[in-house]
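**Q** fold the following.
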Amino acid sequence: MDENTIAREVVDAAYTVHKELGPGLLETVYEAALCHELTERNLRLSRQHSIPVTYKTLQLMDAFRADILVEGKVIIELKSTENVLPVHKKQLITYLKLSGCRLGLLINFGADLIKHGITRLVNRL
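**A** Here you go, the predicted model:
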């Protein structure tokens with residue numbers, strides 16, 4: 001399954017979760033619900049996926065944690081806030097570069113309409 005196919009499934013699952021739960025809950029609630037939806041769709045995922053960082057000769061094994069890694073290809077970073085800030089996008093771009101993944105979705109469940117809360121970011125895709 002390629003990144004775009006995975007992303008379509010993730011977006012559809014996010015719509016389902018947002019329709020059911022609405023905005024305003026904690027990120028951890030949305031993370032659990034989205035992971036449930038993705039698992040129901042037979043997608044492999046890793047929650048709080050560790051992304052190592054190498055600085056010169058120092059290997060930092062737990063430097064970052066991506067909220068969800070789907071099929072080992074797409075990183076999902078979740079927010080539940082009124083507004084997505086530029087730093088949230090920079091964070092996901094950094095995760096993509098460090099992990100070698102090519103596609104990431106920043107999903108803000110705090111948006112009134114989930115279609116306004118989904119940002120697609122790419123790294124050499």
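**Q** so what strands line up beside the longest strand anywhere in the chain?
**A** When the chain is parsed with DSSP state E, its longest strand is strand 58-70. Strand 58-70 has its sheet partners listed here by DSSP bridges as strand 45-55 (antiparallel), strand 74-79 (antiparallel).
**Q** of all those, which one comes closest to N4?
**A** strand 74-79 (9.3 Å; Cβ to Cβ). For the C-beta atoms, the positions are set from N, CA and C on the backbone; glycine is no exception.
**Q** who are the packing partners of the helix or strand following that closest one?
**A** Moving toward the C-terminus from strand 74-79, the next helix or strand (DSSP states H and E) is helix 86-99. In terms of contacts (3 or more Cβ pairs under 8 Å, 6 or more residues apart in numbering; DSSP states H and E), helix 86-99 is packed against strand 45-55, strand 58-70, strand 74-79, strand 103-108, strand 118-122.
**Q** in TSV: those strands, plus mean pLDDT.
**A** Formatted as TSV, the helices and strands packed on helix 86-99 follow (pLDDT from 0 to 100):
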stretch	mean pLDDT
strand 45-55	92
strand 58-70	91
strand 74-79	98
strand 103-108	98
strand 118-122	97
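**Q** bridging residues for G104?
**A** Going by DSSP bridges, G104 is paired in beta bridges with I75, L121.
**Q** residues in contact with it?
**A** Neighbour list for G104: 74-77, 92-93, 95-96, 120-123 [criterion: Cβ atoms under 8 Å, 6 or more residues apart in numbering].
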